[in-house]
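Q: how would this look folded up:
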Amino acid sequence: MGFIRAYLRVSTVDQHVMRAKKEISEFAESHNQQIAAYYFERFTGTSLERPELTRLLLDVSAGDIILIESVDRISRLKNDDWLQLKQTIESKGVSVVALDLPTSHIALKQQDDSDDFIQAVLRAVNGMLLDILAATARKDYDQRRKRTLEGIAKAKTDTPEKYQGRQRNQVLWSSIKKLLTTSHSYTAIRQITGASRMTIAAVAKELKQDITHEAHSH
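A: This is a model prediction of the structure:
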């Protein structure tokens, strides 16, 4: 067995990565194993282009184990993207162990602890279950997204005067405005605030309107 590398992904600021770290660390200890490295990511699981996942895949070597809480932490990908990720993992000779997938836990045991045939069967079953769970995670994401969009559409239709959508982060917008007025580039603002290019563009548009309005008022 090579190194155990824990990948912890959270998709929103409301999720606490340290809770996940504690749980995954205790799991490794219960199997008499130590985690060599942690990769923390706050990014959607629907994208293959994740900085920490990319770094993890560059770091791993044959025999290493990628330890995750559940399959949806590493994938809410469309089928083609999941197959691409899975192929990359397999080509590197790396195993994926998920806390909620008991058949994957065999990878944490020494290879001479059980019959080679049983090991091969368990790996095959585990691969199939990973595919099923990855597909299920994507389906769950698509269904929740569909319900959210339907709810927004209904709210707009039923009470258009009350529907305001997602409230803006006033502190973030204020910070972006200050950076724009001090001639910071979009790239620099993204690095400083973590805001998307779309958000920065929206703030820039509002700032331009404010300046124009102020000029006209004088």
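Q: would you map out the domains in this structure?
A: 4-139, 170-217 (automatic domain parsing).
Q: for residue 154, find the nearest of the ones you listed.
A: When the domains of the chain are compared by C-beta to C-beta, domain 4-139 sits nearest residue 154, at 22.4 Å. Where you see a C-beta, it was placed from the backbone N, CA and C, and this is true even at glycine.
Q: from one end of the closest one to the other, what's the distance?
A: When the termini of domain 4-139 are compared using C-alpha to C-alpha, to the nearest Å, they are 29 Å apart.
Q: kindly reformat the domains of the chain as CSV and extend each row with mean neighbour count and distance to residue 157.
A: Putting those into CSV (neighbours: other C-beta atoms under 10 Å; distance: least, C-beta to C-beta, whole Å) gives the following:
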stretch, mean neighbour count, distance to residue 157
domain 4-139, 16, 27
domain 170-217, 13, 25
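Q: distance from the helix or strand encompassing residue 212 to the middle of the chain?
A: In this structure, residue 212 sits in helix 197-217 according to DSSP states H and E. Centroid separation for helix 197-217 versus its chain: 32 Å, with C-alpha atoms, centre = their mean, to the nearest Å.
Q: and the average pLDDT for it is what?
A: Across helix 197-217, pLDDT averages out at 81.
Q: all the helices of this structure, in order from the start?
A: 17-30, 51-59, 71-74, 79-91, 116-158, 170-181, 186-193, 197-217 (DSSP state H).
Q: between these, which gets nearest to residue 98?
A: Once the helices of the chain are compared by C-beta to C-beta, helix 71-74 is nearest, at 5.4 Å.
Q: and for that closest one, what's in contact with it?
A: With contacts defined as C-beta atoms under 8 Å, 6 or more residues apart in numbering, helix 71-74 is touched by 7-9, 45, 53, 66, 68, 85, 96, 98, 100-101, 130, 133-134, 137, 140-141.
Q: kindly recompute the last result at 10 Å.
A: Applying C-beta atoms under 10 Å, 6 or more residues apart in numbering, the external contacts of helix 71-74 come out as 7-11, 20, 24, 41, 45, 50, 53, 56, 66, 68, 82, 85-86, 89, 96, 98-101, 104, 129-138, 140-141.
Q: rewinding a little: of the helices of the chain, which is nearest residue 37?
A: helix 51-59 (7.1 Å).
Q: picking that back up, could you dump the domains of the chain into a markdown table with distance to residue 154 added?
A: Output for the domains of the chain, formatted as a markdown table (distance: least, C-beta to C-beta, whole Å):
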| stretch | distance to residue 154 |
| --- | --- |
| domain 4-139 | 22 |
| domain 170-217 | 25 |
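Q: what's in contact with stretch 53-64?
A: For stretch 53-64, the external contacting residues (C-beta under 10 Å, 6+ apart) are 1-7, 9, 36-39, 41, 43, 45, 47-48, 50, 66, 74-75, 85, 88-89, 91-95, 107.
Q: mind checking how far that stretch is from the chain centre?
A: In terms of C-alpha atoms, centre = their mean, the centre of stretch 53-64 is set 17 Å apart from its chain centre.
Q: what average pLDDT does that stretch get?
A: Computed over stretch 53-64, the mean pLDDT rounds to 92.
Q: got it, and stretch 89-96?
A: The pLDDT scores in stretch 89-96 average 88.
Q: about what we covered before: and the helix holding residue 212, what does it pack onto?
A: helix 170-181, helix 186-193 (3 or more C-beta pairs under 10 Å, 6 or more residues apart in numbering; DSSP states H and E).
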